[in-house]
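Asks: Give me coordinates for this.
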Amino acid sequence: MVPRGHRISITTVGLPESKESDPGMPSRRRHEIVDRLQLDNAQRFMPRALYDGRANMFSTKDDLAGNYRVQMGRSLTKGVFHVKIQRVARIEPTDINALIHGRVANSQGSSMVVNLVQIIMQQAPNKRHGALPHTKAFFYPEGSKDLPKGLTLWHGFFQSVRPVANKLLVNVDVAHAAVYTEGPLIDQAVSFLGLRHVRELGNLQNTDPSWRSLRAFFRNVQVMVNVGTQKPKKISDLILDAGKFNFSRDGVQMTVQDHFRSKYNSALAYPNIFGIRVGKTAVFPAEVCRIIPGQLFKKKLLPEQTSRFVEVTAKKPHERLQTIRQGIAGARQQLDYGTSDFMQDAGISVNPDPVQVQGCVLNTPQIIFGSSTLSTQTGAWNLKGQHFIAPQTIRSWAIVNFVHPSYVPAPKVADFAMWLKSNLEKLGNVFEQQSKPWIELGNPVNIHGALNAACSTTVNKNKLPPPSFLLVMLPTAAADMKKSVKQWGDMISGIPTQCVRQGKFDKQGDQYINNVALKINAKIGGINSHASHAVMKSLAGTMVVGADVGHPGPGITTRPSMTSLVASMDTYFTRYATYASIQNPRQEIIEDLGAMLKQALQDFTRYPKNEKRLPRNIVFFRDGVSEGEYQEVSARELSQIDELLMELQSQGMPKPNVVFIVVGKRHHIRFFPTSKQDADNSGNCPPGLIVDNTVTSAVVQDFYLQSHSGLRGTSRPAHYIVLRNDPQWDVQLLQELAYTLCHVYASATRSVSIPAPVYYADRVCSRASIHFRPDWNYEQSDNATASADAPFDLAYWRKGFAQAKLSKMMYFL
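Replies: Sure, this is the predicted structure:
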């Protein structure tokens, strides 16, 4: 797997003396500099070294160390880089064998070996498709599909080298990306804003939310301008009335419109619409700009874009596998495994056939309701005719309707309320007051006022107890309104809220209403059902924990990252308390894990049936950790846990055992049944599938669990990596525990793809973004523009952040 059995020298590449060589320098620019360095010193760099786009270069030669001057343009003073190369390590041919047999001494050495093989395999297909040499995915325009609002979907492939027991595997999967639609900038602006004609762009104002969104959408997009030099220009910002923008040329003040007329003999067709700013001073009218093809959209997709994206990319398992086969060995050989000079020189070949693995299907838990026990062989169950195992009494309730009566008349709102009440009663909930709930017609301009009015009327006018919950009816597109409602419930009133959306509540039947009922009962303190499995007998006195980190939108470094921890309080892992914190942006390690766990343990001892005792075992399910972060998590997060438990032990308390499992969701491993008899109705492998061989790690204990039945496309299994196992539980017990926890998600009537506490932690992270002072507008838009140079002050953000008043309830469902 290494070129001709040679030792490979690893060198570091530094660009310390150039003003452009900051850590944020784009990888493409770094590759260009290193490519130029090797061309200018061709004799010394023969054969050419491979570069990973960051700090590492791989070569069969040992004598590349030195300082190099690289000139990237014709100027002798501009675009000059001073590159320092020094040898830091060596990969021996035996290192790959050591890696696949689990004998690599450290994770850095392991990653270097994998990195080298990865780069060799990526060179040919990435260069062919215009991707950076070190990226794991490439995309191409053939077969592209339009997405709403100025984007296009491109198809592609993902590949990653994975060391497993006794071999190296290549994980190949289909991949898809949203790219900016190429063509005239003004056309895509019209598409993004949903306008009918370019002239309407002239109506934009600085205070319009749509203007802010348009600026964020096009920020950093590269365009070609149809006048002057034909070099790509990066949009730093947008500017209104670009044709009227004044600037000085040769000491004379003129507008952009006059400049184009005098210099290019070109009259602007739309001088009153926006233009682009390039750098700090240059301004170009939007009508002369054309978006360059193939630019990845790295921000968060809008709901309508996401819906179309999923619709286009969802493929049945057999279709997905066929596409992968075609990419590897089809007529076009998109991955170039049979033709890559880089792989041939390295002596690397790839068997194009998919790896066959042995799997087993776990016994499914039973779902216990108040009146019956249900089997879940298909991964789903029906709520009809069931009673909640612990229905919560409803003191009173009220409704706030923000949907205009012309869309949903008042009688229909009242009918829905009575239908919901009837279904809750069938499920076992008792309404202390049989009178109809007060229905407040809310003003969307004053959301908190309407919610307060509904509570006030219920208590003061109708002489009822404070509402157990508010039912809030929202228009079809009302994301900001929903956030305001949730902030009122979470942070101001401490009253659970249940939102229903126009187009759903006014058109759906029993199934929809029962799903709403599931959420309501769990939010107000009830328990819908629990899962019964033989493994539960071994878990008496155990607390399960989910933990996660959530980051602001891509590229935003001026807002904090959110951290969360949810902890079970009861025997059946159905009731959870929540804890949230904030930390420096884009930091993956949870800095306050110990503090949040300490509070969770205190709450556990106070829970009525736990008799003031600490749990015997604490099982962590940690979300959001990449493979390269396992060692850091072990060093920094587990050390916080150990420090806390030692402190409690010093106070005379028994020290709980710790099990720490990372749950991976963002991976490209897929399993395809070998026959129809082995598949479920969707063509996927059946729920409960366990794979713990052939494709698992040679270094750490791990397994894959596909816990859910297929609904759409190809199911993705969750990847479980066991970093700590104090009680030395058998791996089958861990697998059965994880599978059982996939059946206790409170608002679902089917098994879900990851354990419920992992889902809950993710939702708490998302919800924490509204747990700041209302006037801070933390999350006005995930795509909001932000200056990379703006200072970040964590202490400032901590002053405005608070725990939810409902943190001991499952408000986040």
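Asks: Give me the neighbour count for residue 248.
Replies: If you count neighbours by other CB atoms under 10 Å, residue 248 ends up with 8. Yep, even glycine has a C-beta here, placed from its N, CA and C like the rest.
Asks: What's the separation between residue 175 and residue 628?
Replies: The gap separating residue 175 from residue 628 is 20 Å, by CB to CB, to the nearest Å.
Asks: buried residues in stretch 406-424?
Replies: 408, 413, 416-417, 420-421, 423-424 (16 or more other CB atoms under 10 Å).
Asks: Show me what the mean pLDDT comes to for that stretch.
Replies: Computed over stretch 406-424, the mean pLDDT rounds to 94.
Asks: before we move on, what about stretch 166-183?
Replies: 95.
Asks: Give me the buried positions along that stretch.
Replies: Buried, per 16+ other CB under 10 Å, within stretch 166-183: 168-182.
Asks: among those, which are in strands?
Replies: 168-180 (DSSP state E).
Asks: three-state assignment of residue 30?
Replies: helix (DSSP: H, G, I helix; E, B strand; the rest coil).
Asks: Name the nearest residue to it, ignoring sequence neighbours.
Replies: Distances taken as CB to CB, 6 or more residues apart in numbering place residue 53 nearest to residue 30, at 5.8 Å, with adjacent residues excluded.
Asks: Quick check: the one you found vs residue 28, distance?
Replies: Distance from residue 53 to residue 28, by CB to CB: 8 Å.
Asks: Residue 419 now?
Replies: Counting by CB to CB, the gap from residue 419 to residue 28 is 57 Å.
Asks: Also residue 375?
Replies: 55 Å.
Asks: At which residues are the strands of the stretch 301-450 of the chain located?
Replies: All strands of the stretch 301-450 of the chain, identified by DSSP state E, counting those that start in this stretch, fall at 360-361, 366-368, 373-374, 397-401, 438-441.
Asks: Rounded mean pLDDT for the third one, please.
Replies: By that I understand strand 373-374. The model assigns strand 373-374 a mean pLDDT of 94.
Asks: partners of it, with directions?
Replies: strand 366-368 (antiparallel) (DSSP bridges).
Asks: gap between the partner strand and the chain center?
Replies: With CA atoms, centre = their mean, to the nearest Å as the basis, strand 366-368 stands 31 Å off its chain's centre.
Asks: Give me the buried positions along it.
Replies: Quick answer for strand 366-368 (16+ other CB under 10 Å): 366-367.
Asks: try stretch 79-97
Replies: Here stretch 79-97 shows 80-81, 83, 85, 87, 91, 95-96 as buried, counting by 16+ other CB under 10 Å.
Asks: try stretch 578-598
Replies: By neighbour count with 16+ other CB under 10 Å, stretch 578-598 contains the buried residues 578-583, 585, 588-594, 596-598.
Asks: Can you tell me which of those end up in helices?
Replies: Within these, residues falling in helices by DSSP state H are 593-594, 596-598.
Asks: distance of residue 328 from residue 158?
Replies: Per CB to CB, residue 328 is found 12 Å from residue 158.
Asks: which neighbours do those two share?
Replies: Common contact partners of residue 328 and residue 158 (CB atoms under 8 Å, 6 or more residues apart in numbering): residue 172.
Asks: In TSV: the strands of the stretch 301-450 of the chain, plus distance to residue 340.
Replies: TSV is the format used below for those (distance: least, CB to CB, whole Å):
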stretch	distance to residue 340
strand 360-361	37
strand 366-368	51
strand 373-374	53
strand 397-401	62
strand 438-441	67
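Asks: Tell me which of those sits most buried.
Replies: Across these, averaging neighbours per residue (mean count of other CB atoms under 10 Å) puts strand 397-401 on top, at a mean of 25.
Asks: Check which strands are paired with it and give the direction for each one.
Replies: By DSSP bridges, strand 397-401 pairs with strand 438-441 (parallel), strand 469-474 (parallel).
Asks: Residue 39: which of the ones you listed is closest?
Replies: Closest of the strands paired with strand 397-401 to residue 39 is strand 469-474, at 59.8 Å (criterion: CB to CB).
Asks: and after that closest one, which helix or strand comes next?
Replies: Sequence order places helix 479-487 as the next helix or strand after strand 469-474, per DSSP states H and E.
Asks: before we move on, the earlier item: between residue 53 and residue 28, which one's more packed in?
Replies: Counted by other CB under 10 Å, residue 53 and residue 28 do not tie: residue 53 has more neighbours, with 18 against 12.
Asks: Touching, that one and residue 27? I think so.
Replies: Yes. Assessed by CB atoms under 8 Å, residue 53 is found in contact with residue 27 at 4.1 Å.
Asks: intersection of neighbour lists for those two?
Replies: 132, 134.
Asks: where are the low-confidence patches of the protein?
Replies: 1-11, 15-24, 104-110, 555, 777-790 (pLDDT under 70).
Asks: All the helices of the stretch 601-750 of the chain, residue numbers only.
Replies: Using DSSP state H, counting those that start in this stretch, the helices of the stretch 601-750 of the chain run over residues 630-650, 731-741.
Asks: Let me know which of these is tucked in deepest.
Replies: helix 731-741 (a mean of 22).
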